[in-house]
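Student: have a look at this prediction, sequence included:
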Amino acid sequence: MADLVVCDPRHNALLKEGNKPDAGDARKLAELLRAGMLRGVYHGSRGLRGLQELAHSYAALAARSTGVMATARQGESDHPKVAVMIDLHSSTDDELLYLKQIGVEWVHMDFGRDAPYELIRSTQERLARYGLKIHCAMLDAYRSTRIQLGQPGRDEDIEKFQTFLRDLGRAGVFSTKIDFHPANTYTTRMIESPRGYQVRQFSVDDFRQKVEKTRFDRQYSADDIWANYTYFIKAVLPVAEKSSVRLALHPDDPPISPMNGVAKLFINYEGIKRADEIAGHSPYWGLTFCVGTWSEGGDKMGKDVLGMIRDFGARGKIFAVHFRNVSSPLPRFHETFPDDGYLDMYQVMKALVRARCTASLIPDHYPGLVGDTNRRMANAYCVTYMRALLRRANEELSQRRPSGRPVLS
Ligand SMILES: [Mn+2]
């Protein structure tokens, strides 16, 4: 190095025209330097030793300010993130552009049956062109009846899921969703809500009387399903830990047991607590906390939605959230838009921010609006509502402390 020129942008007006990429800045600096148009800051000594020391401290300063900015960026991710679920095979470029346009930056990506590493990477690259990142990825493998009913051949399916975890780890994906309710019925019928949109209804009476039938060859008790769940978790959790990918368990929707001849485990706080113990309280085991499911259960859940967020959320164990509302608790409910159900979703959002929950929040299911064939109107409705709640909650909670950081309680 022959020369080192340190400049103050305030004294070099040509440097501060707008926001430019680094490459453009570098070219411009080089041109100005060659033309002798850069004015350096004053340094008394011109010796080599002094120059080395100065270069060293300027480099340290630059590194330090980059570090401070990186910390500030990470600070942003201390907050919940608004996301949407997309299906790999139906996500057109228009769909991705639309998501970018309404301010979405994170997605839950449903890969369906197969997700080789190259596909995960190419999907990430394609999403990145629209400023989108995968926060949670899903693969059907965990749902195989061989795994969930403990049938021969389950190790093969488990291996497929383990490979997926390793690949997600290599690709830097935060979490993957799992659930464990092999004979579930989500809906007893579709209805028109009082406001006139089409939604899923579940009625315990209708289910027991008209819908329920034994789904498999025999009945499966809670002990059977616990044994199968435990076998699965013991096989995949160590891989998840090693890969730094979080397993995000979704509670059973609706939270009743048994269904169609199979016991369900994750229908209340007790079940979730036991799952946490089976995972040895690993930081790589936690929840896809479905606010919808949890509010369907009402008092029977043993801990309410806000209590769950204060408990699991504050311990960093809520990795994803299904941010959804329902008309009332069971025995009968229908799904609603976030502002049209019995839960105050602003309180839910505030609790998530207060717990410094870093989860990604998706609308989960969409009510059907007239003419909304691709569900974009319903999606925009939910996303916009969530973004408004999140912004308000961040503002309200950060106002309470002079440091400007959200208050802890
Ligand atoms: Mn859900």
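Tutor: Thanks, I have it.
Student: for the residue nearest to G316 when sequence neighbours are not counted, give me its contacts.
Tutor: Among residues not flanking G316 along the chain, P283 sits closest, at 6.6 Å (CB to CB, 6 or more residues apart in numbering). To be clear about C-beta, it is placed using only N, CA and C from the backbone, and glycine gets the same treatment. In this structure, P283 makes contact with 246, 316-317, judged by CB atoms under 8 Å, 6 or more residues apart in numbering.
Student: any idea how far P283 lies from Q209?
Tutor: Remark: distance between P283 and Q209 (CB to CB, to the nearest Å) = 44 Å.
Student: repeat for D253
Tutor: 20 Å.
Student: quick one, which of these two is more surrounded?
Tutor: Higher neighbour count among D253 and Q209: D253, with 26 against 10, using other CB atoms under 10 Å.
Student: distance of the more buried one relative to D179?
Tutor: Distance of D253 to D179, given as CB to CB: 8 Å.
Student: V321 falls within a strand, correct?
Tutor: Yes - when DSSP: H, G, I helix; E, B strand; the rest coil is applied, V321 is found to be in a strand.
Student: once you drop chain neighbours, what's closest to it?
Tutor: Ranked by CB to CB, 6+ apart and with sequence neighbours excluded, the top spatial neighbour of V321 is L361, at 4.3 Å.
Student: tell me, how many residues neighbour the one you found?
Tutor: For L361, the number of neighbouring residues by other CB under 10 Å comes to 31.
Student: what does Q399 give?
Tutor: Should you count by other CB under 10 Å, Q399 turns out to have 11 residues around it.
Student: and L48, by the same measure?
Tutor: Applying the criterion other CB under 10 Å, we find 8 residues in the vicinity of L48.
Student: next: P338.
Tutor: For P338, the count of nearby residues is 23 (other CB under 10 Å).
Student: so it sits right up against N325, yeah?
Tutor: Yes - under the contact definition of CB atoms under 8 Å, P338 touches N325, with a separation of 5.1 Å.
Student: can you check which residues contact both of the two?
Tutor: Common contacts of P338 and N325 (CB under 8 Å, 6+ apart): M345.
Student: how about low-confidence regions in the protein?
Tutor: Applying pLDDT under 70 to the predicted model, the residue ranges of the chain that meet it are 1-4, 6-26, 41-46, 50-51, 54-77, 400-409.
Student: name the residues that touch stretch 100-107?
Tutor: 81-86, 99, 127, 130-135, 360, 379-380, 383-384, 387.
Student: buried residues, that stretch. List them.
Tutor: Neighbour counts over stretch 100-107 (16 or more other CB atoms under 10 Å) mark 104-107 as buried.
Student: what does stretch 106-126 give?
Tutor: Of the residues in stretch 106-126, those buried (16+ other CB under 10 Å) are 106-111, 115, 120, 123-124.
Student: tell me the one of those nearest the ion?
Tutor: H108 (10.7 Å; CB to the ion).
Student: F207: what's it in contact with?
Tutor: Contact analysis of F207 by CB under 8 Å, 6+ apart lists 185, 188, 256, 259.
Student: dump the C-alpha coordinates for the one helix or strand L127 maps to into CSV.
Tutor: In this structure, L127 is located in helix 117-128 according to DSSP states H and E. Once non-C-alpha atoms are left out, helix 117-128 reads as follows in CSV (Å, rounded to 0.1, in the frame of the first residue of the first chain):
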residue,chain,number,x,y,z
TYR,A,117,-31.2,-30.5,-0.6
GLU,A,118,-30.9,-29.0,-4.1
LEU,A,119,-34.6,-28.3,-4.1
ILE,A,120,-34.4,-26.5,-0.7
ARG,A,121,-31.5,-24.4,-1.9
SER,A,122,-33.1,-23.5,-5.3
THR,A,123,-36.3,-22.6,-3.5
GLN,A,124,-34.4,-20.3,-1.2
GLU,A,125,-32.8,-18.7,-4.1
ARG,A,126,-36.0,-18.2,-6.0
LEU,A,127,-37.7,-16.7,-2.8
ALA,A,128,-34.7,-14.4,-2.3
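Student: how many neighbours does I267 have?
Tutor: The number of residues packed near I267 is 25, by other CB under 10 Å.
Student: surely it is in contact with P258?
Tutor: No - if you go by CB under 8 Å, I267 and P258 don't touch, sitting 10.0 Å apart.
Student: let me see the ranges of the helices in the protein.
Tutor: If you assign secondary structure with DSSP state H, the helices in the chain sit at 22-34, 48-76, 93-101, 117-128, 145-148, 154-171, 204-206, 222-243, 269-278, 291-297, 305-308, 345-354, 376-398.
Student: give me the domain ranges for this structure.
Tutor: Per automatic domain parsing, the domain ranges recorded for the chain read 9-63, 76-396.
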